[in-house]
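Enquirer: Got a predicted model here, sequence first, then my questions.
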Amino acid sequence: EPEVTQTPSHQVTQMGQEVILRCVPISNHLYFYWYRQILGQKVEFLVSFYNNEISEKSEIFDDQFSVERPDGSNFTLKIRSTKLEDSAMYFCASNLPGMNIQYFGAGTRLSVL
Amino acid sequence: AQTVTQSQPEMSVQEAETVTLSCTYDTSESNYYLFWYKQPPSRQMILVIRQEAYKQQNATENRFSVNFQKAAKSFSLKISDSQLGDTAMYFCASLHGSGNTGKLIFGQGTTLQVKP
């Protein structure tokens, strides 16, 4: 069964460093999302992406964040200068046109030291 | 603003018993979708069941069923014949906006422990 793949599963970085979280959505999906879950808290929407542009973003998604679909298969989330409070689980999701079920990857745990 | 509330942080149930997880939501939209996702210790988010707000019939998926009360804005999940593999965090979520690109809004989650 097709699935959303995220790499790495765990990323450790120093505060102030740039990180790129990678996702490979299900191949025929066209809508892509990033969500964040700080340990012990609810899952929060960050951004949605369609047709090579951002459809919607939350107030969390400030200028330190960016998304890109560089090669037609990968979907990346970049955090330019990480802060301690960026430590969280980051989930990528995707869905088909006309279908509102979002399929999630297994997540990347980001630890900012 | 749309909100989703799960008022039960933790629940437990004996194996083979039935348990109901509660969820309430708030929205001003007439059409929306509701979901229950399961997050086992592996942290993967897995869709359990979906309900379309314009459908009056409650969704069912094998041992999982919902009680959707639109007027009360309530969307509870019933798990019948609980199994050890059902142990997980369960999130209620709503989807607003267009059907293709809407963002999911999640509740705080309920941790369910199934005991042998």
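Expert: Looks like it arrived, so ask away. Numbering: from 1, shown residues only, chains lettered A, B, ... in the order given.
Enquirer: burial of B:Ser42, as a residue count?
Expert: Look at B:Ser42: counted by other C-beta atoms under 10 Å in any protein chain shown, it has 10 neighbours. All C-beta atoms are positioned from the backbone trio N, CA, C, and that covers glycine.
Enquirer: tell me the secondary structure for it?
Expert: Here B:Ser42 takes the coil state, with states given by DSSP: H, G, I helix; E, B strand; the rest coil.
Enquirer: mind listing what it touches?
Expert: B:Ser42 sits next to A:Ala106 when contact means C-beta atoms under 8 Å, 6 or more residues apart in numbering or on different chains.
Enquirer: Enumerate every residue touching the one residue sitting closest to the centre of chain A.
Expert: With the centre of chain A defined as its mean C-alpha position, the nearest residue by C-alpha atoms, centre = their mean is A:Trp34, 3.4 Å away. Listed by C-beta under 8 Å, 6+ apart, the contact set of A:Trp34 reads A:21, A:23, A:46-47, A:67, A:77, A:90-93.
Enquirer: ok, now A:Thr5?
Expert: For A:Thr5, the residues meeting the contact criterion (C-beta under 8 Å, 6+ apart) are A:23-24, A:105-106.
Enquirer: From these, list the ones also adjacent to chain B.
Expert: Applying C-beta under 8 Å from any C-beta of the partner chain, the subset of the contacts of A:Thr5 adjacent to chain B comprises A:105-106.
Enquirer: What about the contacts of A:Thr5, which are in strands?
Expert: In strands, defined here by DSSP state E, the members of the contacts of A:Thr5 are A:23-24.
Enquirer: Could you find the closest non-adjacent residue to the spatially most central residue of chain B?
Expert: In chain B, the residue lying closest to the centroid (C-alpha atoms, centre = their mean) is B:Trp36, at 3.0 Å. Taking C-beta to C-beta, 6 or more residues apart in numbering or on different chains, and ignoring the residues beside it in sequence, B:Trp36 has B:Val48 as its nearest neighbour in space, at 4.3 Å.
Enquirer: Around that neighbour, count how many other residues there are.
Expert: Under the neighbour criterion other C-beta under 10 Å, B:Val48 is assigned a count of 21.
Enquirer: out of the contacts of A:Trp34, which one sits closest to chain B?
Expert: Taking C-beta to the nearest C-beta as the measure, chain B sits nearest to A:Phe91 out of the contacts of A:Trp34, at 6.1 Å.
Enquirer: Please look at the closest one and A:Phe45 and confirm they touch.
Expert: No - the criterion here is C-beta atoms under 8 Å, and A:Phe91 misses it with A:Phe45 at 10.1 Å.
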